[in-house]
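Q: Structure for the following, please:
(chains A and B)
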There are 2 protein chains.
Amino acid sequence: MSYELLSKTFYRLAQLGHANALLGWDQQVMMPPKANQARGLALAELSVMSAEILQAPALVEAFAAANDRQDLLADWQHANLREMRLDWQRACAIPKDLVAAEAMATNECEHAWRQMRRDNNWRDFEPLLQTVFDLAKEKAQALRAALQDERGYQSDYDALLDIFDPGTRMKRIDPLFAQLKTELPSLLEQIRARQSSQPPLIRQSQPVAKAKQIELARELMRVLGFDFDAGRLDETGHPFSGGVSEDSRVTARYDEDNVIEGLMAIIHETGHARYEAGLPEAWRHQPVGGSMGMGVHESQSLFFEMQLGRSQVFIDAIAPRVRQYLGADPAFAADNMRRLYTHVEPGLIRVNADEVTYPLHVILRYELERDLIAGTAQVKDIPGRWDEAMHRYLGLNTEGNYRDGPMQDIHWPAGAIGYFPSYTLGAMNAAQLHAALLKAVPKAPELIAELNLEPVFSWLSDNIWHQGRSLSYDDLMVQATGETLNSAHFLAHIRSRYL
Amino acid sequence: MSYELLSKTFYRLAQLGHANALLGWDQQVMMPPKANQARGLALAELSVMSAEILQAPALVEAFAAANDRQDLLADWQHANLREMRLDWQRACAIPKDLVAAEAMATNECEHAWRQMRRDNNWRDFEPLLQTVFDLAKEKAQALRAALQDERGYQSDYDALLDIFDPGTRMKRIDPLFAQLKTELPSLLEQIRARQSSQPPLIRQSQPVAKAKQIELARELMRVLGFDFDAGRLDETGHPFSGGVSEDSRVTARYDEDNVIEGLMAIIHETGHARYEAGLPEAWRHQPVGGSMGMGVHESQSLFFEMQLGRSQVFIDAIAPRVRQYLGADPAFAADNMRRLYTHVEPGLIRVNADEVTYPLHVILRYELERDLIAGTAQVKDIPGRWDEAMHRYLGLNTEGNYRDGPMQDIHWPAGAIGYFPSYTLGAMNAAQLHAALLKAVPKAPELIAELNLEPVFSWLSDNIWHQGRSLSYDDLMVQATGETLNSAHFLAHIRSRYL
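A: Residues are numbered from 1 along each chain as shown, chains lettered A, B, ... in the order given. Take a look at the predicted model:
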């Protein structure tokens, strides 16, 4: 049966994905430096194999035949066929030499970026980035040509958005971001005025040994339902959550003089990990059993970090354990911790931004990459537009400061164009889910106060994790929250927490 | 060109091998327990993919065409074609359902063995092991039928030996082992008499913290030329050397009350790792650039451990560092360490055996598995024959003690039948290489005394590491030592070190 052949093919791709995920984790966490080239060759070959599997001529007939006999399929198999077809169409849409050219260009640009960022060297970076954007545009055009009717793209950029966050289009983003652009600047002003009238924040006064931080991190991860028999916590330069559903690999960075920020990053990554671990076992190794796009993924990490982790009730609940592991530094008093975790201050760096200013960093990047793909802006315009937008949105100057301006993120040099909006869509999504949770489980705040989090995770599991990729983005949100994604809950959350 | 197609195919197999090696390392060293099933599925799928790549119909024509145009090939490519063909013929010789049946049976038997060994339960183990031997016999027959003429097999068992140590046949082993059986028992008696008249050994009196042991291990590995920018040292239950040429992954076990044995295991595994890391870069990712069979591999680890590591001159040279890292326990005095490292005593367990009694453990196993494959012995006869041979070779009783008798090793339950002889062939090989080194580099002992080991490694590199798999076993040994593998140097080494 054709569906069986497809299912077997995607099972194989999932196993290559397992190898890829773990080799990638090892590369970041364990691998000695001189092994990098050999690892790169191995990972590249696995990618080529995956592409060849997806482009095998036999799949054309199998998809046609499976399509004709959809009556034989259960509901979840219908959804699986839909997801398989999308992966397949995408893989077939991009010419092989474009795939290779993009891999080469992003590899070169990302590698150069690491040094050039340090050197604040925009001049030599610009032509490399130009090539990356040129190829991204070519890819977007190829994807649009192949999938436009079926996926309803209205621009080349839509085809890129759809890679990272399937279902997201400019027509969804534009009104949402417009509301944020209207509301956030004045909210920001009010919040800053309010915070400036409060007593000064108490910063950590003594360094805390890494071993203590790790103990506390593991304790909090356990509170958050992380299973150390099915996952690990390790150290890296940049925290991430990797591995596979059965084997969560969370990483953290430890700063002896600023424990509090690293801790929140761990809570964030634990959210990603629990989502992956909570995906439906019955559909494992099939596309329908995978996670949704980055918007939903980020909604889970931000639910853990922003909705849960930085809430007063959660901070009050964990404060005794923080002091138990880290010592009685006045910075770790519950009230001061809450204020540290909700301190709002415009800054140059996106990854250090608070949840009020963060969307403005994203909107700046969205507007730029959108115009670059549309051809209404050029790579050489980036620094000027960056500086102009930073002035307008956050009142900050980045003139000549490329390092902390348009060269701060890895996304563009790595070719991840169309990715940035997911962060802010995820933040809205998380706020909307949290509002729905409070309706479904009105006692949630009391439960969180007791660190009895199972009912919260159980609701997330039923509504998000356990759905895999069986629903469309809109259906998922409507089923979970009663409405499609919107900015109202996020703005309400900002008002309620900060004003 | 057909050779190019073959070369590309084997490059791909090498990259799957990279993934397999690192995922296997991770499974032993890093992976949380609940991930085991998922990892098993991923590794199994990679194996199936490798098998399918080797069995692709297009290879038949490519091998025929490459064969017809060997005039186009450089010398090393000739050798590569030979090695590619052997891998391919072997993969095609074994029917798919036999591969699957063997994988199932060894998986079941090995899994059961872990518990049954603890329970000393031979009765329930016997039928599982019978199935493993039945399938191994079937596999041996299939391989013999396909390769007998080309590879000169004179028995089914020859086909199994040739898997683990290409080039080794019973007709090589039988006279070598016959000499050991003649010489070793009386040597053993003389050595024990000599050692019993010496003052008592001083055992370590104080535990040594693991962190100290790791520091010393890393220092000694550096002395042995291990590059920590291209490899790692980690902890496992059973020490091994894994990874790939560019990325050596050595593991160790640390016993706070017996530092000295663990240290020698690290020296042993470092030998394996340096061989792999020293393979010729120009032929990387091709069969001709790989390591020789287990006999040569073991010769390198045993060169490091037995010829170098347990030699008086090396122990004298490292003793100050041992005391510097571990403290001044009288057990760590150079003379006492040398005596600990060369203490001879018959015992039940192969992996704990000294280098004098070790070959007798191997010969016992060889004679048994050889007769089991020939059908002149049955699995049910194993305990009786084991006990009889232990009495004859080592004067020890194992009646009813299956745990420390025929159930002590993982090899048979895991299906590695034909593997054991490599250990003793490797020991002979190492002694023969060491004798040749002393002729080629007469100053070697003085250099070792200064821990100036580069000239020693350079000789090994030129003669073994850098040859990859370009030569036959016999040619490799003749080129390196002037003679084919023989037992004279090993027996001379035992006499010279112990009498």
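Q: for chain A, which spans come out with low pLDDT?
A: In the predicted model of chain A, residues A:1 satisfy pLDDT under 70.
Q: what residues does it put near chain B?
A: Where proximity means CB under 8 Å from any CB of the partner chain, the interface of chain A facing chain B comprises A:11-12, A:15-16, A:18-19, A:22-23, A:26, A:30-35, A:37-39, A:41-42, A:45-46, A:49, A:227-232, A:244-247, A:285. In short, each C-beta sits where N, CA and C put it, glycine included.
Q: when you check the residues you listed against the helices, which ones overlap?
A: Of these, the ones assigned to helices by DSSP state H are A:11-12, A:15-16, A:18-19, A:22-23, A:26, A:37-39, A:41-42, A:45-46, A:49.
Q: Please pick the buried ones from those residues.
A: When burial is judged by neighbour count using 16 or more other CB atoms under 10 Å in any protein chain shown, the buried members of these are A:12, A:15-16, A:18-19, A:22-23, A:26, A:38-39, A:41-42, A:45-46, A:49.
Q: which of those sit farthest apart?
A: In those, the most distant members under the criterion CB to CB are A:Arg12 and A:Ala38, with 23.8 Å between them.
Q: Strands of the stretch 151-300 of chain A, start to end?
A: Counting by DSSP state E, counting those that start in this stretch, the segments of the stretch 151-300 of chain A that form strands are A:231-235, A:241-244, A:247-252.
Q: what's the angle from the longest one to strand A:231-235?
A: Going back to what we said before, that points to strand A:247-252. Angular relation of strand A:247-252 and strand A:231-235 on a 0 to 180 degree scale: 20 degrees, by axes from the mean of the first three to the mean of the last three CA atoms, to 10 degrees.
Q: In CSV, please show the C-alpha coordinates belonging to strand A:247-252.
A: Output in CSV follows, covering the C-alpha atoms of strand A:247-252 (Å, rounded to 0.1, in the frame of the first residue of the first chain):
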residue,chain,number,x,y,z
ASP,A,247,16.1,12.1,25.0
SER,A,248,16.0,15.8,25.9
ARG,A,249,19.3,17.6,25.8
VAL,A,250,19.1,20.9,27.6
THR,A,251,22.1,23.1,27.9
ALA,A,252,22.9,26.1,30.0
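Q: That strand pairs with which strands, and in what direction?
A: Each strand that pairs with strand A:247-252, with its direction, by DSSP bridges: strand A:231-235 (parallel), strand A:241-244 (antiparallel).
Q: Can you list the neighbours in contact with it?
A: By CB atoms under 8 Å, 6 or more residues apart in numbering or on different chains, the residues outside strand A:247-252 that reach it are A:22, A:25, A:28-29, A:217, A:221, A:226-227, A:230-236, A:238-243, A:262, A:265-266, A:269-270, A:273-274, A:276-277, B:31-32, B:34-35, B:38-39.
Q: change it to 7 Å
A: Contacts to strand A:247-252, defined as CB atoms under 7 Å, 6 or more residues apart in numbering or on different chains, come from residues A:25, A:29, A:217, A:230-236, A:239-243, A:262, A:265-266, A:269-270, A:273, A:276-277, B:31-32, B:35, B:38.
Q: Can you select the buried ones among those for me in PyMOL?
A: Selection of the buried residues among the contacts of strand A:247-252 in PyMOL, burial being defined by 16+ other CB under 10 Å:
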select buried, (chain A and resi 25+29+217+230+231+232+233+236+239+240+241+242+243+262+265+266+269+270+273+276+277) or (chain B and resi 31+32+35+38)
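Q: In contact with whatever residue of the stretch 351-499 of chain A ends up closest to chain B, which residues?
A: Distance from chain B to each residue of the stretch 351-499 of chain A (CB to the nearest CB) is smallest for A:Gly468, at 16.3 Å. Contact partners of A:Gly468, counting by CB under 7 Å, 6+ apart, are A:Leu279, A:Pro280, A:Trp283, A:Val288, A:Gly289, A:Gly290.
Q: Can you convert those into JSON lines and add a column each for neighbour count?
A: Listed next are the contacts of A:Gly468 as JSON lines, based on neighbours: other CB atoms under 10 Å in any protein chain shown:
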{"residue": "A:Leu279", "neighbour count": "23"}
{"residue": "A:Pro280", "neighbour count": "19"}
{"residue": "A:Trp283", "neighbour count": "19"}
{"residue": "A:Val288", "neighbour count": "24"}
{"residue": "A:Gly289", "neighbour count": "22"}
{"residue": "A:Gly290", "neighbour count": "21"}
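Q: Pick the one among those residues closest to A:Phe303.
A: So of the contacts of A:Gly468, ranked by how close each gets to A:Phe303 (CB to CB), first place is A:Leu279, at 15.9 Å.
Q: Isn't that closest one up against A:Gly289?
A: Yes: under the contact definition of CB atoms under 7 Å, A:Leu279 touches A:Gly289, with a separation of 5.7 Å.
Q: Once you drop chain neighbours, what's closest to A:Phe228?
A: With sequence-adjacent residues excluded and distances taken as CB to CB, 6 or more residues apart in numbering or on different chains, A:Phe228 is closest to B:Pro32, at 6.7 Å.
Q: Done for today, thanks.
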